[in-house]
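**Q** 3D, please:
(one chain, ligands or ions: 1)
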Amino acid sequence: MTERSTDRDYDAIVIGAGFSGLAILHHLREIGLRTVVLDGEDGVGGTWHVNRYPGVRTDSEYSYYSYSFSKEVREEWNWTERYPSGGEVLAYLNFVADRLDLRRDIRLNTRVEAARYDEAANTWVVETADGERLTTKYLVSGMGVLAEAVYPAIPGIDDFQGEKYHTARWPREGVDLSGKRVGLIGVGASGIQIVPAVAAQAEEFFVFQRTPNFVVETNNDAVSDRDLEWLRANYDAVYEKAANHPFGVAMEPAEHSALEVSPEERRRIFESKWNEGGFHFANECFNDLATNHEASELASEFIRSKIAEIVTDPATAELLSPRSYSFNGKRVPTGHGYYSAFNREHVHLVDTASTPITAITERGVRVGDTEYELDVLIFATGFDAMTGTLTKIDIVGRGGRTLRDKWAEDGLKSNLGINANGFPNFFMSLGPQTPYSNLVVPIQLGAQWLQRALAWAEANDVEYFEATPESEDWWREETEQAGRGTVMYSEGKKAKAWFLGENIPGKPEEFQVYMGGGQVYQRYCRELEESGYAALLHRAAEPTSADAA
Ligand code: N01
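**A** Just a heads-up that it's a prediction; the model follows:
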């Protein structure tokens, strides 16, 4: 086994203490790597530490929105809701950090500003905002995929004199909205969750909608002791089911096409899965809602009929019904009373597709010639997804080239979203081109893959792993091909979906995620491992044995 260089401060530095960072720290510690996690926030939890907006909760169910690798955590943590609130998920991650004794290797309030690869020393030098420089052999990003919040380019955005918040940066102490006139820009998954919660508090509420969404309403229940008992007895099977599902959910993939059943039977199936709620509708009705435009249009028509049933004002119902793209064109958001919130008299839907927002003023939002006066303006305007956190800081590889420049000049390239050519011993948890999925599943499987890969590298005197150019070309092609066959491509373009990069002005249209299915992706990861990491070893020291780990 390679002698650990005591010249370096650490064997591994992980950036980010969210779901990824905690799992990776635990797994790298298990193989004896001196590992530290650096996080700029003052608490663990990543996304769940900062997204504290009213109504925030998981879209996936508790049973598979959690780690399965720790028996202690499985046995001792008690979920209380089928779709846990953001506060509950944050408490869970804090529990994990305590129970697995992770905190002693986590440095909070430590924001990474740059990381530079020193080729001569085969070492990464990580620079923090405080001017500290830390050295490590392995650098791992757990910085999150939907973490680089974006504000819209609307004239006057800085002029507003009232309170202004982004959902992804909600104040920890909360915001008192009672008696206030509140405006919301953005009705993606975040906006859809915040609407009923704000409607319950605000005096007047204006929802500025540019593109409506197909929201699958969700029935939330309390988790009973029996549910927990069942889960503890079946945890591995639940997890395996999720790992084998294209979208990482513990559900049976549907077997039939929406086109091969009678209209009555189709309506019955849609209805029954709608009543089950949430991703059951998206995943369990038919097998082609994400691959066949006609099937996706049938699901769209069903949801439009539901909107018309729920929303009492027909004009509002029609405005809430997407017509310019079909189901799956955007990441399917789950609702908890979203549509019915528009039946409340003080909730006003403002259509900014037909009459755009022209400015944000000192007093509010101007739509066409109408100014809506507000006390509070909320932005639920999304993220520079997948690449944003990685290109915001300087990650500098061979020859002084940043990851930002590499992707801007060569297009988005990686090997399985794990490594990039030019960046030796740099690894990404949920890098771009990883599966479009319930993310906890690829996070955990990725941490376990990394554990085996680095144990093998250490045992075989591998100086560095680095994606070959060929492996990147292959994976880019595979990612694009897998995506282009889906409704997410044809409809996502129309809907300006973040998974195509369409939501950020100037960002090239490229698949930011792998649409070929989580289970297919995991097979590729296994094949890479079984090949002795062939696609990562092109310039590394000669391995001594492929099975020494
Ligand atoms: O962001 P989004 P999000 N003028 O990009 C609007 C995950 N997530 O934060 O569609 C007016 O989806 C924009 O309008 P349009 C999940 O993966 C998970 O909601 O471009 N409007 C859109 O309505 C999700 O997909 C969970 O016309 C403007 C909205 O802002 C991802 O995060 C919860 C505008 C942005 O929607 C992102 O969701 C929440 C402008 N200039 C989020 N610019 C859970 O699992 C933007 N918009 C619990």
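**Q** For the rest of this, base every contact and every neighbour count on C-alpha atoms.
**A** Fine.
**Q** ranges for the strands of the stretch 301-450 of the chain?
**A** 334-335, 347-351, 357-360, 364-367, 370-373, 376-379, 394-396, 426-428 (DSSP state E, counting those that start in this stretch).
**Q** Just name the most buried of those strands.
**A** strand 334-335 (a mean of 26; mean count of other Cα atoms under 10 Å).
**Q** could the strands of the stretch 301-450 of the chain go into CSV alongside distance to residue 29 and mean pLDDT?
**A** Shown next, in CSV, are these (distance: least, Cα to Cα, whole Å; pLDDT from 0 to 100):
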stretch, distance to residue 29, mean pLDDT
strand 334-335, 36, 97
strand 347-351, 51, 98
strand 357-360, 50, 98
strand 364-367, 51, 98
strand 370-373, 54, 98
strand 376-379, 39, 98
strand 394-396, 24, 98
strand 426-428, 16, 98
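**Q** what does the stretch 251-400 of the chain have sitting close to the ligand?
**A** For the stretch 251-400 of the chain, the residues in contact with the ligand (Cα under 6 Å from any ligand atom) are 331, 380, 381, 382, 383.
**Q** again, 8 Å this time
**A** Taking Cα under 8 Å from any ligand atom as the criterion, the stretch 251-400 of the chain approaches the ligand at residues 330-333, 352-353, 356-357, 379-383, 385.
**Q** how far out from the middle of the chain is the longest strand seen in the chain?
**A** Secondary structure of the chain per DSSP state E: the longest strand is strand 133-141. The chain centre lies 24 Å from the centre of strand 133-141; the measure is Cα atoms, centre = their mean, to the nearest Å.
**Q** what are the pairing partners of that strand, and which direction each?
**A** Strand pairing for strand 133-141, determined by DSSP bridges: strand 10-15 (parallel), strand 123-128 (antiparallel), strand 426-428 (parallel).
**Q** residues of it that come out buried?
**A** For strand 133-141, the neighbour count (16 or more other Cα atoms under 10 Å) marks 134, 135, 136, 137, 138, 139, 140, 141 as buried.
**Q** Stretch 191-211 now?
**A** Under the neighbour-count criterion of 16+ other Cα under 10 Å, stretch 191-211 has 191-199, 201-202, 204-211 buried.
**Q** Ok, stretch 179-191 next?
**A** Neighbour-count burial for stretch 179-191 flags 181, 182, 183, 184, 185, 186, 187, 188, 189, 190, 191 (criterion: 16+ other Cα under 10 Å).
**Q** Just to check, the second one is in contact with residue 208?
**A** No. In this structure, residue 182 sits apart from residue 208 without contact. The criterion is Cα atoms under 8 Å, and the distance is 10.7 Å.
**Q** can you give me the helices for the stretch 51-200 of the chain?
**A** Here the stretch 51-200 of the chain has its helices, by DSSP state H, counting those that start in this stretch, at 71-76, 86-99, 189-199.
**Q** Please name whichever of those helices is nearest to the ligand.
**A** The ligand lies closest, by Cα to the nearest ligand atom, to one member of these: helix 189-199, at 3.7 Å.
**Q** Name the residues that touch the closest one?
**A** Defining contact as Cα atoms under 8 Å, 6 or more residues apart in numbering, one finds that helix 189-199 is touched by 53-57, 167, 177, 184-185, 205, 215, 331-338, 341, 344, 346-347, 380, 382.
**Q** Any of these buried? List them.
**A** Buried residues within the contacts of helix 189-199, counting neighbours by 16+ other Cα under 10 Å: 53-57, 167, 177, 184-185, 205, 215, 331-338, 341, 346-347, 380, 382.
**Q** separation between the closest residue to residue 127 other than its chain neighbours and residue 324?
**A** Leaving aside its sequence neighbours, residue 127 sits nearest to residue 133 (Cα to Cα, 6 or more residues apart in numbering; 4.7 Å). Residue 133 sits 50 Å away from residue 324 when distances are taken as Cα to Cα, to the nearest Å.
**Q** burial count for the closest residue to residue 97 other than its chain neighbours?
**A** Counting by Cα to Cα, 6+ apart, the nearest residue to residue 97 once its immediate chain neighbours are dropped is residue 103, at 6.0 Å. Around residue 103 sit 19 other residues, with neighbours defined as other Cα atoms under 10 Å.
**Q** doesn't residue 95 make contact with residue 103?
**A** No. Look at residue 103 against residue 95 with Cα under 8 Å: they stay out of range, at 10.6 Å.
**Q** okay, the helices of the stretch 51-200 of the chain in CSV with distance to the ligand next?
**A** Shown next, in CSV, are the helices of the stretch 51-200 of the chain (distance: least, Cα to the nearest ligand atom, whole Å):
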stretch, distance to the ligand
helix 71-76, 21
helix 86-99, 8
helix 189-199, 4
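**Q** want to try a markdown table for those, with mean pLDDT as columns?
**A** Listed next are the helices of the stretch 51-200 of the chain as a markdown table, based on pLDDT from 0 to 100:
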| stretch | mean pLDDT |
| --- | --- |
| helix 71-76 | 95 |
| helix 86-99 | 98 |
| helix 189-199 | 98 |
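**Q** and of those helices, who's closest to residue 423?
**A** When these are compared by Cα to Cα, helix 86-99 sits nearest residue 423, at 29.5 Å.
**Q** Centre of the chain to that closest one, how far?
**A** Its chain's average C-alpha position is 18 Å from that of helix 86-99, according to Cα atoms, centre = their mean.
**Q** Also stretch 324-332?
**A** Distance, centroid of stretch 324-332 to centroid of chain: 17 Å (Cα atoms, centre = their mean).
**Q** same check, this time on stretch 158-174
**A** Put simply, stretch 158-174 sits 22 Å off its chain's centre (Cα atoms, centre = their mean).
**Q** Which residues outside it are in contact with it?
**A** By Cα under 8 Å, 6+ apart, stretch 158-174 touches 47, 50-53, 147, 149, 151, 190-191, 360-364, 374-381.
**Q** hang on, the earlier thing: tabulate the strands paired with strand 133-141 (TSV), appending distance to the ligand.
**A** Formatted as TSV, these follow (distance: least, Cα to the nearest ligand atom, whole Å):
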stretch	distance to the ligand
strand 10-15	20
strand 123-128	27
strand 426-428	18
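**Q** Make TSV out of these and add distance to residue 397.
**A** What follows is these, written out as TSV (distance: least, Cα to Cα, whole Å):
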stretch	distance to residue 397
strand 10-15	16
strand 123-128	9
strand 426-428	9
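**Q** would you turn the strands of the stretch 301-450 of the chain into TSV with distance to residue 515?
**A** Listed next are the strands of the stretch 301-450 of the chain as TSV, based on distance: least, Cα to Cα, whole Å:
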stretch	distance to residue 515
strand 334-335	20
strand 347-351	31
strand 357-360	33
strand 364-367	37
strand 370-373	40
strand 376-379	28
strand 394-396	26
strand 426-428	18
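**Q** mind checking which of the ones you listed is nearest residue 286?
**A** It's strand 334-335; of the strands of the stretch 301-450 of the chain, that one is closest to residue 286 (Cα to Cα) at 18.1 Å.
**Q** who does the closest one pair up with?
**A** In the sheet, strand 334-335 lines up against strand 216-217 (parallel) (DSSP bridges).
**Q** Tell me which residues are up against the next helix or strand along the chain from the strand it pairs with.
**A** Remark: after strand 216-217, the chain's next helix or strand is helix 225-243, criterion DSSP states H and E. Contacts with helix 225-243, where a contact means Cα under 8 Å, 6+ apart, come from 63-64, 68, 74-75, 78-79, 248-252, 441-442, 518-519.
**Q** Quickly find the element holding the residue lying closest to residue 443 once chain neighbours are set aside.
**A** Leaving out its chain neighbours, the residue that sits closest to residue 443 by Cα to Cα, 6+ apart is residue 20, at 5.6 Å. Assigned by DSSP H and E, residue 20 belongs to helix 19-30.
**Q** could you say what helices and strands the very next helix or strand once past that helix packs with?
**A** Per DSSP H and E, helix 19-30 leads on to strand 35-38 as the next helix or strand towards the C-terminus. Packing partners of strand 35-38 (3 or more Cα pairs under 8 Å, 6 or more residues apart in numbering; DSSP states H and E): strand 10-15, helix 19-30, strand 106-107.
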